[in-house]
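Undergrad: build me a model from this:
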Amino acid sequence: MEQRINYMKVAPEAFQLMLKFEEYSKTTGFDKKLIELIKIRASQINGCAYCLDMHTKDARAIGETEQRIYLLNAWREAPFYNDEERVALELTETVTSISVNGVPDDLYQRVREHFNEKQYVDLIILINTINSWNRLSISMNNIPGSYKPTVKK
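TA: Residues are numbered from 1 along each chain as shown. Alright, predicted model coming up:
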């Protein structure tokens with residue numbers, strides 16, 4: 001395997017726009033672990049090895065447990081996630097596969113029990129951002145393994 005195109009060099013303006021979305025996610029007030037769980041779950045669904053490598057390393061760097069990372073693809077059956085995380089993960093799955101059923105009203109209502117309007121919008125932006133990164137990484141054949149986290153606990 002080899003990377004097809006280094007999009008950061010070929011289209012630096014587009015890369016900078018993507019980084020602005022990433023910076024925005026840091027202003028949302030969401031728990032950093034929740035953000036990483038969302039990124040990991042979307043990346044699992046999309047099959048993005050590069051992003052899985054990155055975000056599992058980032059999650060560990062901020063203190064997320066191995067158990068919660070390993071069981072994330074079975075979060076419904078695992079008792080290690082709170083109600084807020086569960087609804088955010090369900091929304092992540094739904095938005096990542098939005099062409100299947102859209103976002104059903106009952107899910108929207110359950111999300112709103114835990115998140116206000118602004119937070120709902122921010123969750124959608126966060127989920128869309130990781131889905132965009134996944135699509136870039138998969139299309140460009142980014143190679144996983146060399147990423148080193150820069151975040152600290």
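Undergrad: then stretch 5-24 to CSV, C-alphas only?
TA: In CSV, the C-alpha atoms belonging to stretch 5-24 read as follows (Å, rounded to 0.1, in the frame of the first residue of the first chain):
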residue,chain,number,x,y,z
ILE,A,5,-2.0,11.8,-3.1
ASN,A,6,-0.8,14.0,-0.3
TYR,A,7,-3.9,16.3,-0.2
MET,A,8,-2.3,18.5,2.4
LYS,A,9,0.3,19.6,-0.2
VAL,A,10,-1.8,19.4,-3.3
ALA,A,11,-4.8,21.3,-1.9
PRO,A,12,-3.5,23.2,1.2
GLU,A,13,-6.4,25.6,1.2
ALA,A,14,-8.9,22.8,1.5
PHE,A,15,-6.8,21.2,4.2
GLN,A,16,-6.8,24.5,6.1
LEU,A,17,-10.6,24.6,5.9
MET,A,18,-10.9,21.1,7.3
LEU,A,19,-8.6,22.1,10.1
LYS,A,20,-10.9,25.0,10.9
PHE,A,21,-13.7,22.5,11.5
GLU,A,22,-11.4,20.6,13.7
GLU,A,23,-10.6,23.7,15.7
TYR,A,24,-14.3,24.5,16.0
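Undergrad: list the buried residues in that stretch.
TA: Using 16 or more other Cβ atoms under 10 Å as the test for burial, stretch 5-24 gives 7, 18. Quick note: C-beta positions are derived from backbone N, CA and C, even for glycine.
Undergrad: which residues in the chain form helices?
TA: Listed in chain order, the helices of the chain (DSSP state H) span 7-10, 12-25, 32-46, 49-61, 66-70, 83-96, 98-101, 105-112, 117-140.
Undergrad: so which elements touch the least confident helix or strand in the chain by mean pLDDT?
TA: Least confident helix or strand of the chain, by mean pLDDT, DSSP states H and E, is helix 7-10 with a mean of 89. Packed against helix 7-10, as judged by 3 or more Cβ pairs under 8 Å, 6 or more residues apart in numbering; DSSP states H and E, are the following elements: helix 12-25.
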